[in-house]
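>>> Quick one, structure for this:
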Amino acid sequence: FSLFLLFEDLRSLVLATMASSSYGDVSGDLVAPFNLELARRNSLIERQGVKLPRYLKTGTTICGVVYANGVVLGADTRSTNGDTVADKNCEKIHYIAPNIYCCGAGTAADTEATTNMVASALNMHRYGTNGRTSRVITALTMLKSHLFKYQGHVSAALVLGGFDINGPHLFTVYPHGSSDSLPYATMGSGSLAAMSIFEAGYKENMTKEEAMKLVADAIKSGVFNDLGSGSNVDLCIITKEGKEYLRNYECPNPRPYASQSFSFAKGTTPVLRSTMLTLKDVVVEEGADAMEVGA
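Take a look at the predicted model:
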């Protein structure tokens, strides 16, 4: 009974608060605490057949893994524009430095502009330090600082990998500027499918072939289970000796048909009207207007 009285007191307090001047208009009449006029307007517009703007969903599967002697990065090659496949064979593994590469998910323009900016800054840094090899942590700091400054409005989710004097490194960078350092990582709309492959098959001190197969299987898991990911598998292996970029390492979705050329016999399509002009009937005017020269 006392609990019932407590709820009644709380109910009375809420009603009294809503009836106070903070929820009333200038005349003192009681009004609703929330204004739903725009929601009703949008519903009316939609019922009349007008298509309201929607959130543009992006799709990608990118991942990376650290093995005994280096890092393997992987990405799919599908580029989407809403529900439309814009490009079936785009590149999502971006150059940062000769020993550092970065996979990008999110808005294509944001990932390309961000990675190009950091790549240019690191290039100038190498010029100023007599060609000293860029460190992965330097690229990570630049990416994090830039993304944090824009508070997530730069839609770039990145998997950064490289090899420097401290060995192989793998980082994930989120659009708001946070980051993780992990032995294996996935990002993008197909990241959950790819992560399931990593958690089932990862082991320490893998060989290069084992790491490449694991990354390729993770990307294919995203390709087959995520509508925003598709087409082919790209890999990038970074070691102390250098990088190896394997474009279209696997093509799990080949075209089921070959492009055909069609030839039709003359007269298949009837000619309705034809006009022939001889060269002497064409008037050619030579010369040009004089250029105006200001005083």
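
>>> show me the contacts for residue 73.
Under the criterion of CB atoms under 8 Å, 6 or more residues apart in numbering, the contact list for residue 73 reads 62-64, 93, 101-103, 159, 161, 215, 235-238. Where C-beta positions appear, they are placed from N, C-alpha and C, glycine not excepted.

>>> Next one: it relative to residue 141, how far apart?
Distance of residue 73 to residue 141, computed by CB to CB, to the nearest Å: 19 Å.

>>> what does residue 269 give?
Separation of residue 269 from residue 141 (CB to CB): 65 Å.

>>> More neighbours: those two, which one.
residue 141 (13 against 8; other CB atoms under 10 Å).

>>> related to what we said a few turns ago, nearest to residue 116, out of the contacts of residue 73: which one, please.
For the contacts of residue 73, the residue nearest residue 116 by CB to CB is residue 102; the value is 10.5 Å.

>>> Mind listing the residues bridging to the closest one?
Beta-bridge pairing for residue 102 (DSSP bridges): residue 94, residue 160.

>>> so it makes contact with residue 158?
Yes: here residue 102 lies in contact with residue 158, judged by CB atoms under 8 Å, at a distance of 5.3 Å.

>>> any common contacting residues for those two?
With CB under 8 Å, 6+ apart, residue 102 and residue 158 have common neighbours 115, 143.

>>> element containing residue 243, please.
Residue 243 is part of strand 242-250 when elements are defined by DSSP states H and E.

>>> list the helices and strands that strand packs on?
On a contact count with 3 or more CB pairs under 8 Å, 6 or more residues apart in numbering; DSSP states H and E, strand 242-250 meets helix 208-225, strand 233-239.

>>> got those as a markdown table, with distance to residue 86 and mean pLDDT columns?
Shown next, in a markdown table, are the helices and strands packed on strand 242-250 (distance: least, CB to CB, whole Å; pLDDT from 0 to 100):
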| stretch | distance to residue 86 | mean pLDDT |
| --- | --- | --- |
| helix 208-225 | 16 | 97 |
| strand 233-239 | 17 | 98 |
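
>>> could the ones you listed go into a markdown table alongside distance to residue 179?
Converted to a markdown table, those look like this (distance: least, CB to CB, whole Å):
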| stretch | distance to residue 179 |
| --- | --- |
| helix 208-225 | 20 |
| strand 233-239 | 18 |
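
>>> Please identify the deepest-packed of the ones you listed.
Mean neighbour count (mean count of other CB atoms under 10 Å) peaks for strand 233-239 among those, with a mean of 24.

>>> what angle do it and helix 208-225 make?
Our comparison of strand 233-239 with helix 208-225, counting by axes from the mean of the first three to the mean of the last three CA atoms, to 10 degrees, yields an angle of 150 degrees.

>>> List of residues touching strand 233-239?
By CB under 8 Å, 6+ apart, strand 233-239 touches 69-77, 91-93, 99-101, 161-163, 168, 208, 211-212, 215-216, 219-220, 223, 243-252.

>>> Only whichever of the residues you listed are buried, select them in PyMOL.
Filtering those down to the buried ones (16 or more other CB atoms under 10 Å) takes a single PyMOL command:
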select buried, resi 69+70+71+72+73+74+75+76+77+92+93+99+100+101+161+162+163+168+211+212+215+216+219+220+223+243+246+249+250
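
>>> Just name the closest of the contacts of residue 73 to residue 119, please.
Checking the contacts of residue 73 one by one against residue 119 (CB to CB), the nearest turns out to be residue 102, at 8.8 Å.

>>> Where is the longest helix in this structure?
Taking DSSP state H as the criterion, the chain has its longest helix at helix 108-128.

>>> Okay, now the unreliable bits of the stretch 101-250 of the chain?
By pLDDT under 70, the stretch 101-250 of the chain has no low-scoring segment.

>>> re the thing from before, show residues contacting the strand holding residue 243.
Against strand 242-250 from outside (CB under 8 Å, 6+ apart): 77, 89, 91, 93, 98-99, 101, 212, 216, 220, 232-238.

>>> repeat that for 7 Å
The contact list for strand 242-250 (CB atoms under 7 Å, 6 or more residues apart in numbering) reads 101, 216, 220, 232, 233, 234, 235, 236, 237.

>>> any idea how far the nearest residue to the first one once chain neighbours are set aside is from residue 78?
With CB to CB, 6 or more residues apart in numbering as the measure, residue 236 is the residue that lies nearest to residue 101, at 5.0 Å, once sequence neighbours are left out. Look at residue 236 and residue 78: by CB to CB, they are 18 Å apart.
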